[in-house]
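J.: Quick one, structure for this:
(chains A and B)
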Amino acid sequence: GENVEQHPSTLSVQEGDSAVIKCTYSDSASNYFPWYKQELGKRPQLIIDIRSNVGEKKDQRIAVTLNKTAKHFSLHITETQPEDSAVYFCAASPYNNNDMRFGAGTRLTVKP
Amino acid sequence: GAVVSQHPSRVICKSGTSVKIECRSLDFQATTMFWYRQFPKQSLMLMATSNEGSKATYEQGVEKDKFLINHASLTLSTLTVTSAHPEDSSFYICSASWGAGYEQYFGPGTRLTVT
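T.: Got it, this is the predicted structure:
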């Protein structure tokens, strides 16, 4: 089955700096890669996703890149703000089934 | 966007009793619902996947007789923790999806404490 690894486990940045979180996956059949943001005690919220037919996707301050050959994808947050502080999870899933696997999570702290 | 509700948000029960948690998709029909367990400061661990009208598919190591899942309609799935023990205390989160290859929308979670 799919195995998703996520790094780093914790990340602290200064407000205004960029943050990068990286994930690798093992199953070459995976072709859907969402990123979720989870604030303390709340539900995970989808913030951006990418499918394997695209190498990069951007939504305002958030971007995701995908390298299918190397089986890794990354989340980039620019101009970070204190409200970006949360735990971020990457996930990978094959298109033809629901077997979505999550990374271990990255606790991002943005210092004002 | 898609809205998923979960009830109750918190529950405290005594060891040996059973607890039922409901997951509802409020504004869409979810052909598939998922149940996750999340320990403090850890990731989401998939427990089982349920498709409307069929038996749930459990992940390895998850006891199907202990965690009963019912997905009777396209908008409701229930998880029953039977004969709960303190080690079952956790944060249980459901999610719902239109189907394979689509994003999952998460419920707000249920914090279960077994005393």
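
J.: and the spatially most central residue of chain B, what element?
T.: Geometric centre of chain B, nearest residue: B:Trp35, 3.5 Å, by CA atoms, centre = their mean. Element membership for B:Trp35 (DSSP states H and E) is strand B:32-38.

J.: strands paired with that strand, and their directions?
T.: Partners of strand B:32-38 in the sheet, by DSSP bridges, are strand B:45-51 (antiparallel), strand B:90-97 (antiparallel).

J.: Find the one among these with the highest mean neighbour count.
T.: Among these, strand B:90-97 has the highest mean neighbour count (mean count of other CB atoms under 10 Å in any protein chain shown), at a mean of 25. Quick note: C-beta positions are derived from backbone N, CA and C, even for glycine.

J.: then it to CSV, C-alphas only?
T.: Extracted C-alpha coordinates of strand B:90-97, given in CSV (Å, rounded to 0.1, in the frame of the first residue of the first chain):
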residue,chain,number,x,y,z
SER,B,90,-9.3,9.4,21.1
PHE,B,91,-10.4,11.9,18.6
TYR,B,92,-12.6,10.3,15.9
ILE,B,93,-13.1,12.1,12.7
CYS,B,94,-15.2,11.2,9.7
SER,B,95,-15.0,12.4,6.2
ALA,B,96,-17.2,12.2,3.2
SER,B,97,-16.5,12.1,-0.5
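
J.: what about it, average pLDDT?
T.: Rounded to a whole number, the mean pLDDT of strand B:90-97 is 94.

J.: Remind me what whichever helix or strand comes after it packs against, helices and strands.
T.: Using DSSP H and E, the helix or strand that directly follows strand B:90-97 along the chain is strand B:105-106. With contacts taken as 3 or more CB pairs under 8 Å, 6 or more residues apart in numbering or on different chains; DSSP states H and E, strand B:105-106 sits against strand B:90-97.

J.: residues in contact with the strand it packs on?
T.: With CB atoms under 8 Å, 6 or more residues apart in numbering or on different chains as the contact definition, strand B:90-97 has outside contacts at A:43-44, A:98, B:2, B:4, B:6, B:21, B:23, B:25, B:28, B:30-40, B:44, B:77, B:79, B:81, B:103-112.

J.: quick one: it to chain centroid distance?
T.: The chain centre lies 5 Å from the centre of strand B:90-97; the measure is CA atoms, centre = their mean, to the nearest Å.

J.: now do stretch A:20-33
T.: Counting by CA atoms, centre = their mean, stretch A:20-33 comes out at 9 Å from the chain centroid.

J.: Out of the contacts of strand B:90-97, which end up buried?
T.: Buried members of the contacts of strand B:90-97, counted by 16 or more other CB atoms under 10 Å in any protein chain shown: A:43-44, A:98, B:2, B:4, B:6, B:21, B:23, B:25, B:28, B:30-38, B:44, B:77, B:79, B:81, B:103-107, B:109-110, B:112.

J.: pLDDT below threshold where in chain A?
T.: Across chain A, the ranges flagged by pLDDT under 70 are A:95-98.

J.: what do you get for chain B?
T.: Within chain B, the ranges that satisfy pLDDT under 70 run B:1, B:100-101.

J.: What residues does it have near chain A?
T.: By CB under 8 Å from any CB of the partner chain, the part of chain B that sits against chain A consists of B:4, B:32, B:34, B:41-44, B:46, B:49, B:93, B:97, B:99-101, B:103-109.

J.: again, only this time at 7 Å
T.: When proximity is defined as CB under 7 Å from any CB of the partner chain, chain B approaches chain A at B:32, B:43-44, B:49, B:93, B:97, B:100-101, B:103-104, B:106-109.

J.: Distance to A:Ala63 added to those, as TSV?
T.: TSV is the format used below for the residues of chain B next to chain A (distance: CB to CB, whole Å):
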residue	distance to A:Ala63
B:Thr32	29
B:Ser43	23
B:Leu44	23
B:Thr49	30
B:Ile93	27
B:Ser97	24
B:Ala100	26
B:Gly101	22
B:Glu103	18
B:Gln104	21
B:Phe106	23
B:Gly107	28
B:Pro108	28
B:Gly109	28
